[in-house]
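A.B. asks: After the sequence you'll find the predicted model.
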Amino acid sequence: MFLLLMQFLILHIDKLIGKDIPLAIIFELIITNLAYMVVLAAPMAVLVATLMAFGKFSELQELTAIRASGVHPMKVILPVLISSILLCLGLAWFSNDLLPEANHKSRSLFIDIRLKKPGFDLKPNEFYDGIDGYIFLVEEIDSDTDSLYNITLFQDPTRNTDRAFIKAEKGYLFSENSEMLSLYLFNGNMQKFPPTTNRYKTTVELSKFSEHRITFDLADLAFEKSDPNRRNKSDRTMNIQSMLVIVDSLSGEISKQFDNVMSLTNTLPDVNRGNEGRINRFQDTFDTEKDTTLLTGSIVVNSQSKLKDQKKLFQRSISNLNNYKASLQNVQANINFRTKSVNRYLVEIHKKFSIPFACIVFIILGAPIGIMTKRGNFGVAALISTVILTFYWISLIQGEKLADRLFVSPFIGMWSFNIVFSIIGIILLIRLTTEFRFVNLFSKDDQ
């Protein structure tokens, strides 16, 4: 917990200092973020403790003693395994009932803090979008004078302003009063894109300025603790029941999209299959200007008495096919978007169980490894656990990304390494607690 807390403070300390944020708000932010640290720290602590306990158990020859006494080693591991199951159930409840609300409050506080005095959030050579409707890019910042150099500003269109691209050599932020903040720009140019009635044409207005001023409303930028319930929730701020409702709704929308595809097929012309050659010859005949009729594989085309009418109908069919293709592409895009959303929620649901289940996995894997190392000191346990946890967290993160991008299912993305580590642990337990060896299976087959 201490290591995770220090990592959190190192990552976010620059967002908290220099903003006149009340100390109580900072403590609340830290406390709400402790929730996710508990979920991550518990499996890690279980692995380290298991390696130390069973490493010392083996180091002091206690395993040899209980075997000599006729006690099966699994009787020593079983109470620890039962404790890990109870811890897994407690963490699963915590992840579903308490963690989402803590994440939601933490996210809301982060947004409130980020909107406090945006000038201090500007960083050299980094895009900043903390102010609605604007994106900043500043090459150099003088922290002593709050002067900005080589400024690039992207302005989104609103009711009062047009879309614009602004560049300036120098600028600075100045608070006019408690409610207004002004950005002064010097020696620059501006490209405006005013709206036009013709959507196929773009109007650009170019202008230069020696001084330009943009005013922001400080009432929206100053720190003010908002009500978290007024903010939309994401997958990480929702419990399983809420996410299942959304998944069910999205699945219903996907089914409707498939129904739309089936209804679109009714607009296709009635053309017999296997007539590609006839259609090609029919298209070649269009190049001639003779007013004759053709016999084709289409009943509707044959009903026309003139070649011109057949040609119009043929071209209309091609147009309908192109429209149908565009409709299919649109439906496919909608289905892919909703499928990715479903996977994202399912990944979060599986994660609420797979991470707590790691407590059980690390007992099954850590106990035999600790016995085999015969070292119960913290250094050896920390080294081994670092290697195992590195592989575990990398696999968990990559599995989440692959599942979000539809490369693997959410179950495989979240549970694959739990299953792999469990199998490895079970094999090691069988090797340590019984006389059975898997190698003997192959040797008997050979005989």
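C.D. replies: Looks like it arrived, so ask away. Everything numeric in this text was worked out from a predicted model, so none of it was measured.

A.B. asks: which stretches of the chain form helices?
C.D. replies: Ranges of helices in the chain, per DSSP state H, are 2-16, 23-59, 62-68, 74-97, 99-114, 218-221, 240-264, 276-286, 299-302, 307-373, 378-404, 410-433, 438-446.

A.B. asks: So for Val138, what pLDDT did the model give?
C.D. replies: On pLDDT, Val138 comes in at 90.

A.B. asks: can you tell me how far it sits from Trp93?
C.D. replies: 47 Å (C-beta to C-beta, to the nearest Å). Where C-beta positions appear, they are placed from N, C-alpha and C, glycine not excepted.

A.B. asks: So between those two, which is more surrounded?
C.D. replies: Neighbour tally, Val138 and Trp93, criterion other C-beta atoms under 10 Å: the higher count belongs to Val138, 20 against 13.

A.B. asks: rewinding a little: figure out which of the helices of the chain is closest to Tyr134.
C.D. replies: Closest to Tyr134 of those is helix 218-221 (C-beta to C-beta; 11.6 Å).

A.B. asks: Looking at the closest one now, give me its mean pLDDT.
C.D. replies: The pLDDT scores in helix 218-221 average 52.

A.B. asks: same deal with stretch 40-59?
C.D. replies: 91.

A.B. asks: Buried residues, it. List them.
C.D. replies: Across stretch 40-59, burial judged by 16 or more other C-beta atoms under 10 Å covers 41-44, 46-59.

A.B. asks: Any idea how far that stretch is from the middle of the chain?
C.D. replies: Distance, stretch centre to chain centre, for stretch 40-59: 32 Å (C-alpha atoms, centre = their mean, to the nearest Å).

A.B. asks: Restricting to C-alpha, output that stretch in CSV.
C.D. replies: The C-alpha trace of stretch 40-59 is given here as CSV (Å, rounded to 0.1, in the frame of the first residue of the first chain):
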residue,chain,number,x,y,z
LEU,A,40,-4.1,-4.3,-6.3
ALA,A,41,-2.1,-4.7,-3.1
ALA,A,42,-4.0,-7.7,-1.6
PRO,A,43,-2.9,-10.3,-4.3
MET,A,44,0.7,-8.9,-4.2
ALA,A,45,0.8,-9.1,-0.4
VAL,A,46,-0.6,-12.7,-0.5
LEU,A,47,2.2,-13.8,-2.9
VAL,A,48,5.0,-12.2,-0.9
ALA,A,49,3.7,-13.5,2.4
THR,A,50,3.2,-17.0,1.0
LEU,A,51,6.7,-17.1,-0.4
MET,A,52,8.2,-16.0,3.0
ALA,A,53,6.1,-18.2,5.2
PHE,A,54,6.6,-21.4,3.2
GLY,A,55,10.2,-20.5,2.4
LYS,A,56,10.9,-20.3,6.2
PHE,A,57,8.8,-23.5,6.6
SER,A,58,11.1,-25.4,4.3
GLU,A,59,14.3,-23.6,5.5
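
A.B. asks: Residues contacting that stretch, please?
C.D. replies: Contacts to stretch 40-59, defined as C-beta atoms under 8 Å, 6 or more residues apart in numbering, come from residues 1, 4, 63, 76-77, 80, 84, 87, 91, 355-356, 358-359, 361-363, 365-378, 380-382, 384-385, 388-389.

A.B. asks: let's see 7 Å
C.D. replies: For stretch 40-59, contacts defined as C-beta atoms under 7 Å, 6 or more residues apart in numbering pick out 1, 4, 63, 84, 87, 91, 355, 358-359, 362-363, 366-367, 369-371, 373-376, 378, 380-382, 384-385, 388-389.

A.B. asks: Equivalent analysis for stretch 395-409, please.
C.D. replies: Stretch 395-409 has contacts (C-beta under 7 Å, 6+ apart) with 339-340, 343-344, 347, 410, 413-414, 416-417.

A.B. asks: Include neighbour count, pLDDT and distance to Ser255 when you put the residues you listed into JSON lines, please.
C.D. replies: Shown next, in JSON lines, are these (neighbours: other C-beta atoms under 10 Å; pLDDT from 0 to 100; distance: C-beta to C-beta, whole Å):
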{"residue": "Thr339", "neighbour count": "15", "pLDDT": "89", "distance to Ser255": "12"}
{"residue": "Lys340", "neighbour count": "14", "pLDDT": "89", "distance to Ser255": "16"}
{"residue": "Asn343", "neighbour count": "23", "pLDDT": "91", "distance to Ser255": "16"}
{"residue": "Arg344", "neighbour count": "21", "pLDDT": "90", "distance to Ser255": "19"}
{"residue": "Val347", "neighbour count": "22", "pLDDT": "93", "distance to Ser255": "21"}
{"residue": "Pro410", "neighbour count": "23", "pLDDT": "92", "distance to Ser255": "19"}
{"residue": "Gly413", "neighbour count": "27", "pLDDT": "92", "distance to Ser255": "24"}
{"residue": "Met414", "neighbour count": "26", "pLDDT": "92", "distance to Ser255": "25"}
{"residue": "Ser416", "neighbour count": "18", "pLDDT": "92", "distance to Ser255": "29"}
{"residue": "Phe417", "neighbour count": "20", "pLDDT": "90", "distance to Ser255": "33"}
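
A.B. asks: List just the nearest of those residues to Val204.
C.D. replies: Nearest to Val204, judged by C-beta to C-beta, of these is Lys340 at 36.3 Å.
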